[in-house]
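Student: Pasting the sequence and the predicted coordinates here, then a few questions.
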Amino acid sequence: MNWIILIIGGLFETSFAICLGKAQETSGKESLLWWAGFAASLFMSMFLLYKAISLGSSPIPIGSAYAVWTGIGAVGGVVAGIIIFNEPVTFWRMFFVFTLIASVVGLKFVSN
């Protein structure tokens, strides 16, 4: 269960990156709404990270949890940047995204 909570927290981290990018692109009330989404996503992301490291009889070690959480956010941020913000797709960019994914999966398997 803690791993599911951590994954959802990582997705909220991706969400706050998207909201931050959109807030930068907009102005007025629309920008304020994106800033509100950023704040809400930031809170939920941090809260779920906290829950993943402290819930139940088998909490995830903070080192592994933080690495996985930021990895999910980083990969999600790159994918969102490509899809939403039309950022470039290059071989090296994708290569390092896939190595990051492999590292996150590896940490999940070596953590209790």
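Tutor: Happy to help now that I have it.
Student: avg pLDDT for stretch 84-95?
Tutor: Stretch 84-95 shows a mean pLDDT of 95.
Student: contacts for that stretch?
Tutor: Residues outside stretch 84-95 that contact it (CB atoms under 8 Å, 6 or more residues apart in numbering) are 18, 21, 22, 78, 81, 82. C-beta coordinates here come from the backbone N, C-alpha and C atoms, glycine included.
Student: Mind picking the one among these that's closest to residue 45?
Tutor: Of all the contacts of stretch 84-95, residue 45 sits closest to residue 18, with 12.0 Å by CB to CB.
Student: mind checking the SS state of the closest one?
Tutor: Under DSSP: H, G, I helix; E, B strand; the rest coil, the three-state class of residue 18 is helix.
Student: Filter the contacts of stretch 84-95 down to the buried ones, PyMOL style.
Tutor: Here is the PyMOL command that selects the buried residues among these (16 or more other CB atoms under 10 Å):
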select buried, resi 18+21+22+78+81
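Student: Take the contacts of stretch 84-95 and keep only those in helices.
Tutor: Secondary structure from DSSP state H places 18, 21, 22, 78, 81, 82 of those in helices.
Student: OK, contacts around the residue nearest to the third one when sequence neighbours are not counted?
Tutor: In space, not counting the residues next to it along the chain, residue 22 is nearest to residue 34; the distance is 4.4 Å by CB to CB, 6 or more residues apart in numbering. For residue 34, the contact set (CB under 8 Å, 6+ apart) comprises 19, 20, 22, 23, 26.
Student: Many thanks, I have nothing further to ask.
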